[in-house]
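Participant: Predicted model and sequence follow; I will ask about them next.
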Amino acid sequence: MNGEQGHADWLAALRAYLAFSLGLNLLWEAMQLPLYTIWTTGTIRAKAFAVIHCTFADVIIAALILVVALCVVGSDHWPQRRSREVFVLTVAVGLAYTIYSERLNTTVRQSWTYRCLALDRSRANALIHWGNNDCVLTHPLHFVSDMLFNGVLQKGKELALVDVLLEAGAFVDFRKNGKRETPLIGAASLGAEDVGLRLLEAGAEPELRGEWGESALHWAALLGEERLAGRLITRTDLSLRDEKYNSSPLGWAVHGCFNPPAGNQGRQREVAALLVAAGAKVEVQWLESEEVRADPSMLTVLRSKMA
């Protein structure tokens, strides 16, 4: 009889624990949802799925934590005995895992994104200190491209950050005092092609010139960013020459083809074809270049203008 009573107490305690965990975690997930970007970017179905999915995952984790606690400090007569020890260890392990999980997913993996900008929109245009001794000051929209270029931000996560910044009022054509580079030029020069496309959709001005008097199209051509270049061509002066190399976007495409820069996307020939088709001027020295003459594809693109 005592064995049956002990079994009933153990089962009842387990059921009560799981039911309490289910209710508490459901409330937790629902209440913290507005803190994440999915609150403003997701559909109702996506939000509901996120809450339900996370709640059941939390319950499974809670059950596993209880099992660990029982194995470590539990008793054959739990919950009549050593229930306090099991409770304390369960709570401690649960809190430790929660802190670890939040940091892993928001900071390391960045699979979750907080909406802290919704609470303080001024941060969307507050310059970020980074680099050695925090000597570099960068606008948040530009910093997204920097993180992507440096491998700190996983590719595919950048647009969520850009959207949050834009929603919070980030200035799409921001320029630091005494500087000319814009977030669009930064994206194009750092190989962040999707960021550049999103900035264009948000109203970024492609005609603005950077530190060397170059346009975003110059950088898109140099790095072989075909999709971005295709969007920029119709809104940029194709004959514009930069102030450092005295070259047009087509010249930058030719140079990038044979001298691949960091962040190279590798489609300089395709960009050159777009530029030539749009009316860009082909210069004789390019046709006479040994590198171009040894590259049938680029040579054909440039010669097509002469036909």
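Facilitator: Cool, the structure landed.

Participant: Show me which positions of stretch 177-197 end up buried.
Facilitator: Residues of stretch 177-197 classed as buried: 181-197 (neighbour count, 16 or more other C-beta atoms under 10 Å). C-beta: built from backbone N, CA, C; applies to glycine.

Participant: so of those, which ones are in helices?
Facilitator: 183-189, 193-197 (DSSP state H).

Participant: Which members of these are the farthest-apart pair?
Facilitator: 185 and 194 (15.5 Å; C-beta to C-beta).

Participant: among the helices and strands of this protein, which has the poorest mean pLDDT?
Facilitator: Least confident element among the helices and strands of the chain, by mean pLDDT, DSSP states H and E: helix 116-119 (a mean of 60).

Participant: Beyond that helix, next helix or strand please.
Facilitator: strand 128-130 (DSSP states H and E).

Participant: Give the next helix or strand downstream of that following strand.
Facilitator: Heading C-terminal from strand 128-130 (DSSP H and E), you reach strand 136-138.

Participant: what pLDDT, on average, does that next one get?
Facilitator: Over the span of strand 136-138, the pLDDT mean works out to 90.

Participant: cool, and stretch 14-26?
Facilitator: Mean predicted lDDT for stretch 14-26 stands at 92.

Participant: List the buried residues for it?
Facilitator: Those would be 14, 17, 21, 25-26, for stretch 14-26 by 16+ other C-beta under 10 Å.

Participant: do stretch 222-239 as well
Facilitator: 222-233, 236, 238.

Participant: Relative to residue 140, which of the residues you listed is nearest.
Facilitator: Among those, and counting by C-beta to C-beta, the member closest to residue 140 is residue 228, at 20.1 Å.

Participant: after the one helix or strand that closest one maps to, next one along is what?
Facilitator: Here residue 228, judged by DSSP H and E, is contained in helix 226-232. Note on helix 226-232: by DSSP H and E, the next helix or strand toward the C-terminus is helix 249-258.

Participant: packing partners for that following helix?
Facilitator: If you count contacts as 3 or more C-beta pairs under 8 Å, 6 or more residues apart in numbering; DSSP states H and E, helix 249-258 packs onto helix 216-223, helix 268-277, helix 290-293, helix 296-303.

Participant: Next one: the closest residue to residue 205 other than its chain neighbours from residue 62, what distance?
Facilitator: In this structure, residue 205 finds its nearest non-sequential neighbour in residue 173, 5.3 Å apart by C-beta to C-beta, 6 or more residues apart in numbering. Distance of residue 173 to residue 62, given as C-beta to C-beta, to the nearest Å: 49 Å.

Participant: Could you measure from residue 131 over to residue 60?
Facilitator: 42 Å.

Participant: pLDDT below threshold where in the stretch 1-150 of the chain?
Facilitator: 1-8, 35, 37, 40-41, 103, 105-121 (pLDDT under 70).
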